[in-house]
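Colleague: Pasting the sequence and the predicted model now:
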Amino acid sequence: MNSTAVPASGIEAFIRELPKVELHVHLEGSMQPETFLRLVRKHDVAGLPRSLEEVDAYYEFRDFPHFIDVYIASVEVLRDEEDFALLTADVAARLAAQNVRYAELHISLYNHLMRGIPASVVFAGVEHGRREAEREHGIRLRWIPDFPGDFGVEAGERTLDAVLADGPSSVVGFGVGGIEVDRVPFKGIYDRARAAGLHSLPHAGENGGPQRVWDAVTVLGAERIGHGIDSMKDPRLVDHLGQARIPVDVSPTSNLRTRAISTIEEHPLPRMLEAGLVVTLNSDDPPMFGTDLLNEYRTAHALGLGAADLALLARNGVAASYLDDADKRGLTAEIDAVLAGA
């Protein structure tokens, strides 16, 4: 790693000035408590928190399965096109305030389909919010619809069918998340998604071991790996990811809050960079985990990464995104200029 020194007083300004992209952040998991409570009251949803204090207690996760349970319950507040537009506009404004220029957001589409909300309603709402955000803040958003793998192949097929029928051109990829189960049964789904022009962007190797990552790459044709920290348990996999230049989208605070790691100090992010992996930095479900992308950069700095390393993470995010080449060159030049002025 190249740990160009910046005085402690200047690292905060450096982090804020860095142009950023975010590639692993969930739309629904980015819902702020105030928006959550507004929608709870709008729809009078029973069994959910009714105050900020109750929301804070609600987000105290015991483990990863408990987080999934809370996440699924929380999306209950999203019911109509207006709700999805409101959420998207709020999330985009908060990203733009962190100097995020472009983001690819996961949408938990199956969780809405299973509640009887048509994909057309979801996409109409998020597209309204996306257009509004681009006008007001200049940030560009793209979508990665996904399904929870623990709900099985049928959930994946139904989600993909909905994307192919109603997905706008701003959909760039297809994801699988949820509790980390075997990825091999989803081969047919991903073959179909890729044939339709969708990029393969699965979660793998957060807490399921390196074999999940191997399967994501060799069976699902993964172009990026969501989380992927268990890759470090297999040197041969690390070599493969590095040589193939397959990006790994890392979210340190998320890994701590879901108990994928016991302490932030043990997070493998520095070792991943040292091993030559293409690592991007992300916030995953920021308000649920008490973080945002700025805080993830602060966390990376606290793990020993200097200004050049932070700039590399930002540059990796641009390279791993689905921005066009001209936009990538322009954004990379801006990152380099900020680093040069540090």
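Modeller: Nice, I can see it.
Colleague: For the stretch 151-300 of the chain, which segments are assigned as helices?
Modeller: Using DSSP state H, counting those that start in this stretch, the helices of the stretch 151-300 of the chain run over 153-166, 187-195, 210-218, 235-244, 252-257, 269-274, 286-289, 293-302.
Colleague: closest to Pro145 out of the ones you listed?
Modeller: Using Cβ to Cβ as the criterion, the shortest distance between Pro145 and the helices of the stretch 151-300 of the chain is 5.0 Å, found for helix 153-166. In this view, the C-beta of every residue, glycine as well, is placed from N, C-alpha and C.
Colleague: what sits up against stretch 45-53?
Modeller: Outside stretch 45-53, the residues that touch it by Cβ atoms under 8 Å, 6 or more residues apart in numbering are 33-34, 36-37, 39-41, 55, 57-58, 73-74, 76-77.
Colleague: buried subset of the residues you listed?
Modeller: The neighbour-count test (16 or more other Cβ atoms under 10 Å) marks 33, 36-37, 39-40, 55, 58, 74, 76-77 as buried among the contacts of stretch 45-53.
Colleague: can you put those residues in CSV and add pLDDT, secondary structure and distance to Leu293?
Modeller: As requested, those are arranged in CSV below (pLDDT from 0 to 100; DSSP: H, G, I helix; E, B strand; the rest coil; distance: Cβ to Cβ, whole Å):
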residue, pLDDT, secondary structure, distance to Leu293
Pro33, 89, helix, 18
Phe36, 91, helix, 20
Leu37, 92, helix, 23
Leu39, 94, helix, 24
Val40, 93, helix, 26
Val55, 85, helix, 21
Tyr58, 83, helix, 23
Ser74, 79, helix, 20
Glu76, 91, helix, 26
Val77, 94, helix, 24
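Colleague: With distance to Thr159 added, can I get those residues in JSON lines?
Modeller: As requested, the buried ones among the contacts of stretch 45-53 are arranged in JSON lines below (distance: Cβ to Cβ, whole Å):
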{"residue": "Pro33", "distance to Thr159": "28"}
{"residue": "Phe36", "distance to Thr159": "24"}
{"residue": "Leu37", "distance to Thr159": "28"}
{"residue": "Leu39", "distance to Thr159": "23"}
{"residue": "Val40", "distance to Thr159": "26"}
{"residue": "Val55", "distance to Thr159": "28"}
{"residue": "Tyr58", "distance to Thr159": "26"}
{"residue": "Ser74", "distance to Thr159": "19"}
{"residue": "Glu76", "distance to Thr159": "18"}
{"residue": "Val77", "distance to Thr159": "20"}
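Colleague: ok, of those, which one's closest to Gly173?
Modeller: The nearest member of the buried ones among the contacts of stretch 45-53 to Gly173, counting by Cβ to Cβ, is Ser74 at 23.2 Å.
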